[in-house]
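Novice: let me see the structure of the following:
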Amino acid sequence: MTSDTQREALAVLAEVWALSPDVRLGQLLAHLGFLGEAHVSKGLGYIEDDELLAVLYRHRAELLARSQGAPNQLLQSTGGAISVSGSSTQAAPAADR
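Specialist: Take a look at the predicted model:
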């Protein structure tokens, strides 16, 4: 049985592939594997469906921004890297005691 998350991931995969018309499907899957390693420290064979969905959404956003000629707003707005969940990967300052 296909879950809602899996159906959503397949739909977003189709969108990502449509945004990359010169990329073969195998290349796209290899790239998603690389992004999974980079963003959730798991290979494509071990990544959970919700984690893959987050990677797909992030990649889709990057492709859309690139196609519109927009700079990466996520990195500029926080001054650091962004996790696949959209939260900053920078440590929060410690609270004063």
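Novice: and the pLDDT for T2?
Specialist: Per-residue confidence (pLDDT) for T2: 74.
Novice: ok, which stretches of this protein are helices?
Specialist: 4-19, 25-40, 49-67, 73-78 (DSSP state H).
Novice: quick one: average pLDDT of the last one?
Specialist: Looking at helix 73-78 alone, the average pLDDT works out to 45.
Novice: next: stretch 18-34.
Specialist: 94.
Novice: what does it contact?
Specialist: Residues outside stretch 18-34 that contact it (Cβ atoms under 8 Å, 6 or more residues apart in numbering): 13, 16-17, 43-44, 52, 55-56, 59-60, 63-64, 67. Yep, even glycine has a C-beta here, placed from its N, CA and C like the rest.
Novice: okay, among the residues you listed, which ones form the most distant pair?
Specialist: G43 and S67 (28.1 Å; Cβ to Cβ).
Novice: name the member of the contacts of stretch 18-34 with the most neighbours.
Specialist: Comparing the contacts of stretch 18-34 by number of neighbours (other Cβ atoms under 10 Å), V55 comes first, having 27 neighbours.
Novice: now that residue: how far from A18?
Specialist: In this view, V55 and A18 are 17 Å apart by Cβ to Cβ, to the nearest Å.
Novice: check E62 too.
Specialist: In terms of Cβ to Cβ, E62 sits 15 Å off from A18.
Novice: also L56?
Specialist: L56 is 13 Å from A18, by Cβ to Cβ.
Novice: how about D50?
Specialist: Distance of D50 to A18, computed by Cβ to Cβ: 22 Å.
Novice: more neighbours: which of these two?
Specialist: Per other Cβ under 10 Å, whichever of D50 and A18 has more neighbours is D50, with 15 against 10.
Novice: residue contacts, that one?
Specialist: D50 makes contacts with T5, as judged by Cβ under 8 Å, 6+ apart.
Novice: how far away is it from Y57?
Specialist: 11 Å.
Novice: what's near enough to touch L52?
Specialist: L52 neighbours (Cβ under 8 Å, 6+ apart): A9, L32, G36, L44.
Novice: kindly present those as JSON lines, with separate columns for distance to L25.
Specialist: Formatted as JSON lines, the contacts of L52 follow (distance: Cβ to Cβ, whole Å):
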{"residue": "A9", "distance to L25": "15"}
{"residue": "L32", "distance to L25": "11"}
{"residue": "G36", "distance to L25": "16"}
{"residue": "L44", "distance to L25": "13"}
